[in-house]
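Asker: What follows is a protein structure lacking sequence information:
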């Protein structure tokens with residue numbers, strides 16, 4: 001299987017492109033407006049404040065025709081338990097944003113359960129805004145006996161909160177398709193403070209840290225284990241010699257009396273003799289022999305993505321790679337298929353690639369798909385994967401423009417390296433700006449290029465004049481006019497008449513055309529805008545992964 005990256009509605013893609021019982025592990029972090037006032041989410045449709053919370057790229061759902069349709073599909077679908085639960089929830093919650101979220105999630109959870117293998121697992125990442133409703137909903141879809149764990153992840157640092165306990169954690173629900181779920185027996189490294197506190201002895205010959213532990217067991221025994229060794233009788237304290245079988249096997253000592261095997265253990269440097277007179281010999285338990293500790297369901301050892309984090313790309317809901325590495329390592333093996341139906345900036349597919357898993361990523365925004373592609377190319381040079389749903393030729397670009405002008409504009413922005421949609425791609429008043437490229441023009445100087453996109457059939461010279469006015473108004477260096485339809489001769493003449501901008505790049509002054517016209521067809525064929533050195537402040541470069549650190553089996 002070749003890794004797959006899909007642009008589009010994950011419900012459609014799950015139904016059309018993902019086969020039954022084909023996925024080993026699902027991680028999803030579905031969007032939700034957790035920053036909204038909680039009570040706002042329960043207002044009936046039409047509430048102005050509720051509507052104001054809704055932004056296309058900022059985590060929210062509406063009770064509208066789509067939500068009603070999703071609700072209807074669940075009620076008439078094959079999962080009767082999910083239908084009964086969703087119907088009960090609507091009776092309790094009413095028609096509002098929260099119920100819309102649950103209806104849209106329910107139909108997707110039904111599909112996710114379908115594509116999961118019998119040995120597969122699902123991890124759903126959420127916060128306390130809706131976690132209590134989601135848990136009941138997943139119980140209905142997967143079966144209430146398939147709940148495995150509720151993981152609490154400390155996602156941020158402590159901060160002040162005037163009227164409640166500071167919210168600093170997220171919830172991750174862990175469910176399995178059946179009782180035959182895969183579990184790799186993941187072990188985590190012990191905390192350094194634990195090692196320092198409990199393994200506070202240093203072996204003088206090897207320099208290894210160790211903790212002296214007992215060499216005896218409770219109760220008196222007959223035979224060798226109850227006889228004295230080195231003039232020490234364990235029965236004096238009501239005990240007997242207890243041999244460390246595993247250590248002796250590693251030393252090749254499998255025969256002999258208890259006393260003879262204790263001699264071999266001492267010769268190999270595994271016996272600690274206290275300096276205190278009368279002290280009993282003890283076993284050296286070396287810190288470097290620890291096999292790790294099983295992870296608990298409270299995770300405080302994975303820090304969030306801070307503003308100074310090396311892996312920070314600038315995506316608002318980015319999760320740390322370590323978080324996904326832990327989940328993937330615990331519930332899948334190399335070569336297994338990992339699916340993220342809300343893949344955002346691609347942390348799941350990044351971690352899956354790093355750990356040698358196959359992966360499928362789905363997202364409904366072109367901005368996310370563009371960012372994921374860039375991230376994968378930078379972190380894993382030469383990586384092989386397929387992209388679906390993103391226009392690759394002029395006909396597909398025209399089809400997207402006809403279907404959804406706004407999505408076409410957001411996609412077209414991604415054709416300019418390091419560009420970002422204006423206002424995150426959210427709809428709003430037309431300011432003449434569809435995208436921005438932030439430019440580094442020197443060690444202490446920066447500028448920007450303004451992008452204007454036209455997906456219609458009728459373009460004219462007035463549009464170039466408008467772009468020139470916007471460039472002047474915004475004090476930008478350059479204006480880029482991206483058009484689906486070839487420009488007219490007057491448009492080209494007007495752009496050329498804008499002249500050049502001269503920029504000192506530190507190695508000499510260079511000239512760039514002030515207004516540049518590029519057709520979508522040219523950009524798809526590899527044409528590039530003429531821009532100064534780019535240093536994007538929107539999304540940072542992903543660090544290249546060291547191949548020697550990949551394919552981890554355990555997080556030790």
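Answerer: Arrived safely, thanks for sending. These numbers were taken from a predicted model, which means no experiment stands behind them.
Asker: is it true that residue 450 lies in a helix?
Answerer: No - Residue 450 is assigned strand when assessed by DSSP: H, G, I helix; E, B strand; the rest coil, not a helix.
Asker: can you give me the helices in the stretch 251-400 of the chain?
Answerer: Applying DSSP state H, counting those that start in this stretch to the stretch 251-400 of the chain gives helices spanning 258-267, 321-331, 347-354, 366-379, 394-403.
Asker: and of these, who's closest to residue 231?
Answerer: helix 258-267 (11.3 Å; Cβ to Cβ). (Glycine included, C-beta is placed from N, CA and C.)
Asker: So for the closest one, what gets flagged as buried?
Answerer: Along helix 258-267, these residues count as buried under the neighbour rule (16 or more other Cβ atoms under 10 Å): 258, 261-263, 265.
Asker: what residue ranges in the stretch 451-556 of the chain score low on pLDDT?
Answerer: 506-507, 533-541, 547-556 (pLDDT under 70).
Asker: swap in the chain?
Answerer: Using pLDDT under 70, the chain drops low at 33-60, 158-162, 307-308, 314-316, 424-430, 442-444, 506-507, 533-541, 547-556.
Asker: longest single helix anywhere in it?
Answerer: helix 97-115 (DSSP state H).
Asker: show me the contacts for residue 202.
Answerer: 208-210 (Cβ atoms under 8 Å, 6 or more residues apart in numbering).
Asker: Just among these, which is most surrounded?
Answerer: Neighbour counts for the contacts of residue 202 (other Cβ atoms under 10 Å) peak at residue 210, which has 22 neighbours.
Asker: Residue 189 versus that residue, what's the distance?
Answerer: 17 Å (Cβ to Cβ, to the nearest Å).
Asker: Over to residue 150?
Answerer: Distance from residue 150 to residue 189, by Cβ to Cβ: 24 Å.
Asker: Likewise for residue 421?
Answerer: Distance of residue 421 to residue 189, given as Cβ to Cβ: 41 Å.
Asker: tell me, what residue is most central in this protein?
Answerer: residue 347 (3.3 Å; Cα atoms, centre = their mean).
Asker: Please list all residues in contact with it.
Answerer: Residue 347 neighbours (Cβ under 8 Å, 6+ apart): 318-321, 323-324.
Asker: okay, these in TSV with neighbour count and distance to residue 485 next?
Answerer: As requested, the contacts of residue 347 are exported to TSV (neighbours: other Cβ atoms under 10 Å; distance: Cβ to Cβ, whole Å):
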residue	neighbour count	distance to residue 485
318	19	37
319	23	41
320	20	44
321	20	42
323	26	46
324	25	43
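Asker: Would you confirm that residue 224 contacts residue 262?
Answerer: No - Residue 224 is beyond contact range of residue 262, at 9.6 Å (criterion: Cβ atoms under 8 Å).
Asker: any shared contact partners between the two?
Answerer: Common neighbours of residue 224 and residue 262 are listed as residue 241 (criterion: Cβ under 8 Å, 6+ apart).
Asker: So which of the contacts of residue 202 is the closest to residue 109?
Answerer: The closest of the contacts of residue 202, once distances to residue 109 are taken by Cβ to Cβ, is residue 209, at 47.6 Å.
Asker: residues near residue 82, how many?
Answerer: So residue 82, with other Cβ under 10 Å, has 23 neighbours.
Asker: Now do it against residue 9, distance only.
Answerer: Residue 82 is 19 Å from residue 9, by Cβ to Cβ.
Asker: Repeat that for residue 102.
Answerer: 17 Å.
Asker: who's in contact with the closest residue to residue 230 other than its chain neighbours?
Answerer: Residue nearest to residue 230 in three dimensions, not counting chain neighbours: residue 281, with 7.1 Å by Cβ to Cβ, 6 or more residues apart in numbering. By Cβ under 8 Å, 6+ apart, the contact list for residue 281 reads 215, 230, 232, 266, 271-274.
Asker: Out of the residues you listed, which comes closest to residue 437?
Answerer: After measuring the contacts of residue 281 against residue 437 - Cβ to Cβ - the closest member comes out as residue 272, at 65.7 Å.
Asker: Please list all residues in contact with the closest one.
Answerer: 201, 210, 212, 281-284.
Asker: Kindly report the same for residue 387.
Answerer: 5-7, 369, 373.
Asker: Could you dump those into CSV with neighbour count added?
Answerer: Shown next, in CSV, are these (neighbours: other Cβ atoms under 10 Å):
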residue, neighbour count
5, 23
6, 25
7, 23
369, 25
373, 17
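Asker: which pair in these spans the largest distance?
Answerer: Of all pairs in the contacts of residue 387, the most separated under Cβ to Cβ is 6 and 373 at 12.2 Å.
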